[in-house]
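>>> Coordinates for the following, if possible.
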Amino acid sequence: MRDVAKIAGVSVATVSHVVNDKAGARIGDDARRRVQEAVAELGYRPNALAKTLSQGTSRFIGLVADAIATTPFAGQIIHGAQDEAWKHGYVLLVANTDGNAAAENEAIAMMLEHQVHGILYSTWYHREIQVPEALHQTDTVLVDCFAAGNVLPAVVPDEEQGGRTATEELLAASHRRIAFINTTTPSPAQTGRLAGYRAALAAAGIEFDESLVFPAAPEQEGGYAATSAILDSKATAVFCHNDRVAMGLYDGLREHGLRIPEDIAVMGFDNQDVIAAHLRPTLSTVALPHYELGAAGVRLLLGLEPAPESGPKLIACPPVLRHSI
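Predicted structure coming up:
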């Protein structure tokens, strides 16, 4: 800063006022221009650490995650948060803890030491969590997870809307007997997607038939194992809990000599691109909005959007139509 002041022929205080854009500082246009030219010539950058110490906060946003950095489709949470943070002049600090509690506590402590503006706490799938105590020491938004009692603002996918959208797409393709392969794992996705399936049927005037709901492991093997029961049900279309289940169902249907979608339509959920876009035929599905979850989390943290008074903020799950329905 002294070097800039010397070249510009002004005081160090004047340089400080210009580079920090201090409101109300009485600096002439010529002096301001000379300072800016000297800053450009010398490649001067303000001392971010000193600025953080003086202001009590920084231009960093922390993101603590269990495994999203190593989960390809959930990694879009980082991408969305990073883009939104950058748009507003912030940089994202990411710590991927792989679910290790000690690493998680250390990461949160490090971010607090760096006086981050706030922390996004994220999980790789939608679930309820116990909030780490240290997160109460700074502004925090939960991403793709929530806490009982709405103790912290949260942003999660709208599972019920997603289930309804998936079923509506099959109804729009003239199907009326629609099976649903649901996960056996208790989760917001299990209850929400089933509720959406039922709501879409009710809106279409179709009575819910419990015999068309097939519990299965949320993996390829679960979809494959459900194939025979699906065929016995005489369903003309199947809504699968996720794309991995749909992939297993594809295998089972082929073994029975059936064509997709000519003989039976298949709808997935998640939009895992490594699966949905590469099955043959390509899989129509509903996308989990990971990118938007990360971006919305940053907006809530910065106060650019209000948090709901009760419950998490819900992000819509859009359909991605390909060739399986």
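
>>> in which helix or strand would I find residue 122?
strand 119-129 (DSSP states H and E).

>>> CA atoms only for the helix or strand that that strand is followed by - export them in PDB, please.
Downstream of strand 119-129, the next assigned helix or strand under DSSP H and E is strand 140-147. Extracted in PDB, the C-alpha atoms of strand 140-147 (Å, rounded to 0.1, in the frame of the first residue of the first chain):
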ATOM      1  CA  THR A 140     -25.700 -22.100   8.700                       C
ATOM      2  CA  VAL A 141     -28.000 -23.500   6.000                       C
ATOM      3  CA  LEU A 142     -28.600 -27.200   5.600                       C
ATOM      4  CA  VAL A 143     -28.500 -28.500   2.000                       C
ATOM      5  CA  ASP A 144     -30.200 -31.700   0.900                       C
ATOM      6  CA  CYS A 145     -30.900 -32.500   4.600                       C
ATOM      7  CA  PHE A 146     -32.900 -31.100   7.500                       C
ATOM      8  CA  ALA A 147     -33.100 -31.100  11.300                       C
END
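
>>> Just list what strand 140-147 packs against, helices and strands only.
Here strand 140-147 touches helix 76-87, strand 119-129, strand 154-157, helix 290-301, going by 3 or more Cβ pairs under 8 Å, 6 or more residues apart in numbering; DSSP states H and E. Just so you know, the C-beta spots here come from the backbone N, C-alpha and C atoms, and that holds for glycine as well.

>>> Which one, of those, ends up nearest to residue 99?
Distances from residue 99 to each of these were compared using Cβ to Cβ; the minimum, 8.9 Å, belongs to strand 119-129.

>>> Quick one: residues in contact with stretch 34-41.
Residues from elsewhere that reach stretch 34-41 (Cβ atoms under 8 Å, 6 or more residues apart in numbering): 3-4, 7-10, 14-15, 18-19, 44.

>>> Stretch 152-161 too?
By Cβ under 8 Å, 6+ apart, the list of residues contacting stretch 152-161 reads 126, 131, 135, 140-147, 188-189, 191-193, 195-196, 199, 288-289, 293, 296-297, 300, 307-308, 312-317.

>>> and stretch 36-43, how far out from the chain's middle?
40 Å (Cα atoms, centre = their mean, to the nearest Å).

>>> PyMOL command for the buried members of the contacts of stretch 152-161?
Filtering the contacts of stretch 152-161 down to the buried ones (16 or more other Cβ atoms under 10 Å) takes a single PyMOL command:
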select buried, resi 126+131+135+140+141+142+143+144+145+146+147+188+189+192+193+196+199+288+289+293+296+297+300+307+312+313+314+315+317
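
>>> And the strands in the protein, which stretches?
Along the chain, counting by DSSP state E, strands occupy 60-65, 91-96, 119-129, 140-147, 154-157, 178-183, 213-216, 237-240, 265-267, 285-286, 313-315, 319-320.

>>> strands paired with the first one, and their directions?
Each strand that pairs with strand 60-65, with its direction, by DSSP bridges: strand 91-96 (parallel), strand 119-129 (parallel).

>>> follow-up on the earlier one: wait, which of the helices and strands packed on strand 140-147 is closest to residue 60?
Per Cβ to Cβ, nearest to residue 60 of those: helix 76-87, 8.8 Å.

>>> elements contacting that closest one?
Secondary elements touching helix 76-87 (3+ Cβ pairs under 8 Å, 6+ apart): strand 60-65, strand 91-96, strand 140-147, helix 290-301.
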